[in-house]
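Novice: Dropping the sequence and predicted coords here.
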Amino acid sequence: MHEFIEYILSYLDSDRTPGAAGNIFWATVYILLVFVGLSIAVICMNWLERKILAHMQVRLGPMRVGPHGLLQPIADAIKLLLKEDIIPAEADAIVFWIAPFIVVLAAFTVFVVVPFGPTHAITDMNIGILFMLGVSSLSVLGIVTAGWASNSHYPLIGALRSSAQMVSYEVAMGLAVVTAIMMTSLGSEGGTLSMIGIVQAQQAQGVWFIFKFFPLGLIAFGIFAIAMVAETNRAPFDLPEAESELTAGFHTEYSGFRWSLFFLAEYSAMIAVSSIAVTLWLGGWLRPFPNTLTGPTWELVFSLFPGITFLFLAAMCFYSTARMPKHPLFRIQTIGLAGFGVVLAGIGLILFTPGVRVRIVDIFWFSAKVAGFMYLYIWYRGTFPRYRFDQLMKVGWKILLPTGLTLMILTAVVGMRMELWAQVQEVMHR
Amino acid sequence: MNPPVATPFFFYLLAATMIIGGILVITRKNAVHSALALITSLLAQAGLYLMLYAPFVAGVQIILYAGGIMVLFLFVIMLISIERAEKERQFNKQWLIGIVAAAALGGLFITVYTATTKGRVLFPEGRMSYGESDNTQRIAMLLFDLHSGTYMFAFEIASLLLLVAIIGAVVMAKKRI
């Protein structure tokens, strides 16, 4: 027992990830934390998406279950779990049964390498970004098999569309990623594919890769930002599940728990690709200006942000509480909203304590950047009309792919020129 | 570098998955089931590459085979009418050449195994000396470096072959270019 406690405590001062330190206990803890955190994030996204979409279309959105519909996701989850789970008579039962699990597995496994901080990742792999791209590309297998196994027309069309779409956009996505990876090799011994190494390279070079070789980095980021929406089958690229043409696309025949697995996988895949974008181009866990605004004062100021965010949310809750109708029917909702505000304020105050503050500040900045992408996803859905299929293919193959190729060559040329120039200057100095 | 954990267990697990997957590929009548079994087998193979300290090869295996090629396989297979395909009798008559090839491969395995147990060295024993931490960089040096790039020529030839295949596919698919 004593040895076990020693073993647990021995990791605490480590500056490596649990995977790199070989500590199985903390690796398990991190896996559970990531799983729980993701599930909570998906629940929040469910509510936020409906609310934000509603406000963009001048509606109210969910208002009945809980104050401002805050309990709506929980009500939905209970409804889905209690629903009858139907397997169509003509369906291929085994494949139909496996498909949602493939999608969920692919969507969750990639989080093994997502770097929430220099030590806050489950593990760091030498092939980190390749692993993420590879495993997330497996989710298309689940979608295709789901559509085929349903043995019905709409799902099959959805599955065919989705496989064509995801294979096409993977190419452009890969080219954009290569551009960023080439940038990691500048001014150091060699490039890296490791997710933590990529962020450290940005720190060493003193610039986020989105601003590197302006506008090359920005364009590469743009290509990735478009391709990642197509990869996750979201609007305006949601042809595989286009509700006005295909009912619900590849998951038309699914119901209850299995349908909710598809839902869970879709949102966690969105978070996964967003975290690739954040890691490659937006400096991962680095706070703004990590190299210019240094010193204890700035460290303190930036580490206060997580607490301030939660206090702001709490203040919004209290403001809404004050604006609640004074009718007795709304009394429980008013109390509930005030209680929610108190909980948020409590979390905010905990985040202010020095011990917690320094440990979670990297997680906060990473999550904040990912949250920005999540908002963009909702914004796209609220504003862009859906592409037609030939337009989709045209954008992928005729615009994104040539741009990506040109960009890759240009980045290589500019990077080599910079390296050679540095060598020439070194010789001149001697 | 951390010592490997439970190596024999994972090896036998992955090997068994591969073999079972392989058997299912050739015994299933439904082509989609065969394809799924093949994917399982390929993923287990990626796991074996990982155990050989070759993470880059494992990653490429997942991206190319499981994520790329097999998706295209499924794409084509889905367009086949499964009910007709299941009733169809096997019509390829290659069992003779199949038996010869299997016997030759089996003979090779037995030769290697008996030679190793008798003490003769057909393959030098030893572990991969490259660590997991810089595997990708080392492969890149072997393929692209001007001084130590042993396989540069072979790699470029292979890429040329692929280019020819791509152009060939376009020429064959399009009537008028």
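Specialist: Now that the structure is in, tell me what you want to look at. None of these values were measured; they are calculated from a predicted model.

Novice: Leaving out the residues flanking it, which one is nearest to residue A:366?
Specialist: residue A:285 (4.5 Å; C-beta to C-beta, 6 or more residues apart in numbering or on different chains). To be clear about C-beta, it is placed using only N, CA and C from the backbone, and glycine gets the same treatment.

Novice: residues in contact with the one you found?
Specialist: Contact partners of residue A:285, counting by C-beta atoms under 8 Å, 6 or more residues apart in numbering or on different chains, are A:115-118, A:120, A:199, A:362-363, A:365-366.

Novice: Would you format those residues as TSV with pLDDT included?
Specialist: Listed next are those as TSV, based on pLDDT from 0 to 100:
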residue	pLDDT
A:115	89
A:116	88
A:117	83
A:118	84
A:120	84
A:199	88
A:362	85
A:363	88
A:365	89
A:366	90
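
Novice: Between all of the residues you listed, which two are separated the most?
Specialist: Using C-beta to C-beta, the pair of the contacts of residue A:285 lying farthest apart is A:199 and A:363, separated by 13.2 Å.

Novice: Could I get the CA-only coordinates of the longest helix seen in chain B as CSV?
Specialist: Criterion DSSP state H: the longest helix present in chain B is helix B:95-118. Extracted in CSV, the C-alpha atoms of helix B:95-118 (Å, rounded to 0.1, in the frame of the first residue of the first chain):
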residue,chain,number,x,y,z
TRP,B,95,-6.9,-24.1,-56.5
LEU,B,96,-3.9,-25.9,-58.0
ILE,B,97,-1.7,-22.9,-58.2
GLY,B,98,-3.0,-21.9,-54.7
ILE,B,99,-1.9,-25.2,-53.2
VAL,B,100,1.5,-24.9,-54.8
ALA,B,101,2.0,-21.4,-53.5
ALA,B,102,0.8,-22.3,-50.0
ALA,B,103,3.0,-25.4,-49.9
ALA,B,104,6.0,-23.3,-51.0
LEU,B,105,5.4,-20.7,-48.3
GLY,B,106,4.8,-23.4,-45.7
GLY,B,107,8.0,-25.1,-46.7
LEU,B,108,9.9,-21.8,-46.4
PHE,B,109,8.6,-21.3,-42.8
ILE,B,110,9.5,-24.8,-41.8
THR,B,111,13.0,-24.5,-43.2
VAL,B,112,13.6,-21.2,-41.3
TYR,B,113,12.1,-22.7,-38.1
THR,B,114,14.1,-25.9,-38.1
ALA,B,115,17.3,-24.1,-39.1
THR,B,116,16.9,-21.7,-36.2
THR,B,117,16.3,-24.5,-33.7
LYS,B,118,19.3,-26.4,-35.0
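
Novice: and that helix, average pLDDT?
Specialist: Regarding helix B:95-118, the rounded mean pLDDT is 87.

Novice: near chain A, anything from the helix or strand following that helix?
Specialist: Next along the chain after helix B:95-118, taking DSSP states H and E as the criterion, comes helix B:135-144. Yes - using C-beta under 8 Å from any C-beta of the partner chain, helix B:135-144 reaches chain A at B:135-137.

Novice: Next, the buried residues of helix B:135-144.
Specialist: Counting neighbours by 16 or more other C-beta atoms under 10 Å in any protein chain shown, one finds that the buried residues in helix B:135-144 are B:135-137, B:139-140.

Novice: any chance of these in CSV, plus pLDDT?
Specialist: Converted to CSV, the buried residues of helix B:135-144 look like this (pLDDT from 0 to 100):
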residue, pLDDT
B:135, 76
B:136, 80
B:137, 79
B:139, 81
B:140, 81
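
Novice: okay, residue A:199 and residue A:363: which has more neighbours?
Specialist: Neighbour count, other C-beta atoms under 10 Å in any protein chain shown: between residue A:199 and residue A:363, residue A:199 has more, with 26 against 15.

Novice: check contacts around the more buried one.
Specialist: Contact analysis of residue A:199 by C-beta under 8 Å, 6+ apart lists A:115, A:118, A:279, A:283-286.

Novice: Can you tell me the SS state at it?
Specialist: helix (DSSP: H, G, I helix; E, B strand; the rest coil).

Novice: Could you check how far it is from chain B?
Specialist: When distance is defined by C-beta to the nearest C-beta, to the nearest Å, residue A:199 is 17 Å away from chain B.

Novice: Chain A contacts on chain B?
Specialist: B:2, B:30, B:32-33, B:36, B:39, B:55-56, B:58-60, B:62-63, B:66-68, B:70-72, B:74-75, B:78, B:132-137.

Novice: In helices, which of those fall?
Specialist: Of the residues of chain B next to chain A, the ones assigned to helices by DSSP H are B:32-33, B:36, B:39, B:55-56, B:58-60, B:70-72, B:74-75, B:135-137.

Novice: can you list the domain ranges for the chain.
Specialist: In the absence of a named chain, chain A is used. Under automatic domain parsing, the residue ranges defining each domain of chain A are A:21-82, A:83-286+A:353-429.

Novice: nope, chain B please
Specialist: What automatic domain parsing lists as the domains of chain B is B:1-87, B:134-177.

Novice: coming back round to it: element containing the residue nearest to residue A:366, please.
Specialist: Using DSSP H and E, residue A:285 sits within no helix or strand.

Novice: Quick check, pLDDT for it.
Specialist: Note on residue A:285: pLDDT of 86.

Novice: Same question for residue B:132.
Specialist: 64.

Novice: residues in contact with residue 72?
Specialist: You didn't pick a chain, so chain A it is. Residue A:72 touches A:46-47, A:50, A:62, A:64-66, counting by C-beta under 8 Å, 6+ apart.

Novice: The intended chain is chain B.
Specialist: When contacts are counted by C-beta under 8 Å, 6+ apart, residue B:72 touches A:163, A:167.
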